[in-house]
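Student: Got a sequence here, can you model it:
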Amino acid sequence: MKIDKLLLQSKEEFDRIKNIRIKPNLIFLFGSRNMLVENSLSEMLIDTFPGAILFGCSSSGEISDVEVVDDSIVLTAVELECSEVKMESISIDNQIDDHQLGSSLLEQFDKEQLKHVMILSDGLNINGAELVQGLDDELPEGVTITGGLAGDGTDFNETVVFDRHGKAIKNCIAALGFYGDRISVGYGSNGGWDSFGLERLVTKSKANILYELDGKPALQLYKQFLGERAEGLPAAGLLFPLSLRENGVQEPVVRTILGVNEEDQSMTFAGNIPEGSYVKLMKANVDRLINGAENSAITTTELLPKGKAELAILISCVGRKLVLKQLIEEEVEAVSDVIGNDVCITGFYSYGEISPFRKNTPCMLHNQTMTITTISEK
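Tutor: As a prediction, this is how the structure comes out:
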């Protein structure tokens with residue numbers, strides 16, 4: 001595997017793409033929505049590297065090695081020497097449920113020698129939990145999924161994902177399949193948030209829309225807790241997510257808010273909030289967030305039997321970025337310290353993360369985690 005990387009901080013720097021020294025068959029692109037939708041970007045990439053797959057999405061911050069930047073594009077060109085990749089995409093259709101979208105997307109892949117699938121999805125117009133379930137329905141045994149939901153800073157306005165034609169568009173879900181005997185993939189996901197306060201019963205909900213807790217309007221209760229911070233919703237909700245516990249589920253998952261509805265006092269989340277489940281408020285501890293990132297890296301490295309990683313793709317939640325503020329690069333440095341300084345690190349801050357917690361656990365939609373995918377051909 002050969003890797004070359006660029007950090008493009010303005011549209012005027014697009015010409016630097018011609019300085020890439022390898023012949024990539026795969027290009028990861030994470031960055032500012034306004035920059036990614038520029039036609040000149042995709043046209044230049046397609047003309048300069050014909051046949052290369054463009055796989056990426058808009059973000060709430062970009063990760064380049066141990067640096068975290070905003071309003072830029074992190075471009076990571078990869079020349080896979082012993083493996084193959086295939087990309088497919090699907091448009092979000094309101095007439096098709098998100099579970100079926102996931103299944104339909106995976107149906108497009110040849111399952112022979114498929115080793116791993118990465119998913120990037122629109123971050124606002126999707127129920128990520130249903131999408132993951134649909135993907136899982138079509139996944140062969142032993143094949144894993146990681147990925148995330150596109151971001152849009154803290155604006156929650158519009159997100160974009162590259163489709164299979166190399167265009168960054170809204171309402172898109174893309175999947176990248178890795179094939180071959182030489183490819184090794186590691187993964188891990190960890191949070192570090194602390195739950196507190198009363199555990200409340202979800203008494204009314206529909207899919208990812210929460211209406212009532214303990215028989216009371218959900219948004220009303222949540223606003224009472226936030227106090228003056230409630231004026232900043234939905235972005236303020238990133239600082240105080242919910243821990244969700246379902247009967248029979250060992251580990252709770254974290255859910256953050258995508259939107260609020262004042263009319264019916266409901267809250268929309270990135271994943272399902274089932275009736276009969278229990279939720280608790282969560283808050284951040286800086287040290288625990290950084291330790292969570294470190295633990296994700298440890299879990300990831302344990303899954304690479306053929307050698308250490310060559311490429312690490314970090315997908316961390318925008319809520320972590322808001323909490324860590326000027327310390328944000330410390331969580332990336334914690335990952336680098338574990339996986340090694342010679343590993344190329346790329347990634348972005350998201351509206352949701354997709355991964356198993358660790359080996360032999362189901363793939364799930366997460367919020368507020370550091371999720372890592374490591375890739376090696378060694």
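
Student: For the residue of the chain most remote from its centre, which non-adjacent residue is closest in space?
Tutor: Distance to the chain centre peaks in the chain at residue 215, reaching 32.6 Å (criterion: C-alpha atoms, centre = their mean). Spatial nearest neighbour of residue 215, excluding adjacent residues (C-beta to C-beta, 6 or more residues apart in numbering): residue 203 at 5.1 Å. All C-beta spots, glycine's among them, are computed from the backbone N, C-alpha and C.

Student: Dead centre of the protein: give me the residue that sits there.
Tutor: By C-alpha atoms, centre = their mean, the mean C-alpha position of the chain lies nearest to residue 148, the distance being 2.0 Å.

Student: What is the subsequent helix or strand relative to the helix or strand hosting it?
Tutor: Secondary structure assigned from DSSP states H and E places residue 148 in strand 144-149. Remark: after strand 144-149, the chain's next helix or strand is strand 161-162, criterion DSSP H and E.

Student: What helices and strands are in contact with that next one?
Tutor: For strand 161-162, the packing partners by 3 or more C-beta pairs under 8 Å, 6 or more residues apart in numbering; DSSP states H and E come out as strand 53-58, strand 114-121, strand 168-169, strand 172-179.

Student: Relative to residue 372, which of these is closest?
Tutor: Closest to residue 372 of the helices and strands packed on strand 161-162 is strand 114-121 (C-beta to C-beta; 12.1 Å).

Student: and the angle for whichever helix or strand comes after the closest one with strand 144-149?
Tutor: Using DSSP H and E, the helix or strand that follows strand 114-121 in sequence is helix 128-137. When axes from the mean of the first three to the mean of the last three C-alpha atoms, to 10 degrees is applied, the directions of helix 128-137 and strand 144-149 differ by 150 degrees.

Student: what helices or strands is helix 128-137 leaning on?
Tutor: Secondary-structure packing of helix 128-137 (3+ C-beta pairs under 8 Å, 6+ apart): helix 98-107, strand 114-121, strand 144-149, strand 352-356, strand 363-366.

Student: And for the fourth one, what's in contact with it?
Tutor: Just to be clear, that refers to strand 352-356. 119, 123, 128, 132, 144-149, 187-189, 256, 270-271, 315-317, 362-367, 369-371, 373 (C-beta atoms under 8 Å, 6 or more residues apart in numbering).

Student: hmm, back to that, and the helices and strands packed on helix 128-137 as TSV, adding mean pLDDT?
Tutor: Shown next, in TSV, are those (pLDDT from 0 to 100):
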stretch	mean pLDDT
helix 98-107	95
strand 114-121	97
strand 144-149	96
strand 352-356	94
strand 363-366	90
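
Student: JSON lines please, covering these and showing distance to residue 293.
Tutor: Output for these, formatted as JSON lines (distance: least, C-beta to C-beta, whole Å):
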{"stretch": "helix 98-107", "distance to residue 293": "27"}
{"stretch": "strand 114-121", "distance to residue 293": "19"}
{"stretch": "strand 144-149", "distance to residue 293": "15"}
{"stretch": "strand 352-356", "distance to residue 293": "12"}
{"stretch": "strand 363-366", "distance to residue 293": "13"}
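
Student: from what I can see the residue nearest to residue 215 touches residue 275, true?
Tutor: Yes - contact criterion C-beta atoms under 8 Å: residue 203 and residue 275 qualify, at 6.9 Å.

Student: if we can go back for a sec, pretty sure the residue nearest to the centre of the chain sits against residue 315.
Tutor: Yes - counting by C-beta under 8 Å, residue 148 does reach residue 315; the two are 3.9 Å apart.

Student: which neighbours do the two share?
Tutor: Residues touching both residue 148 and residue 315 (C-beta under 8 Å, 6+ apart): 348, 350, 353, 371.

Student: Residue 147 against residue 116, yeah?
Tutor: No - here residue 147 lies out of contact with residue 116, judged by C-beta under 8 Å, at a distance of 10.3 Å.

Student: okay, those two: which has more neighbours?
Tutor: residue 147 (29 against 21; other C-beta atoms under 10 Å).

Student: burial of the residue nearest to the more buried one when sequence neighbours are not counted, as a residue count?
Tutor: Nearest residue to residue 147 in three dimensions, chain neighbours excluded: residue 119, at 3.4 Å (C-beta to C-beta, 6+ apart). When neighbours are counted by other C-beta under 10 Å, residue 119 registers 24.
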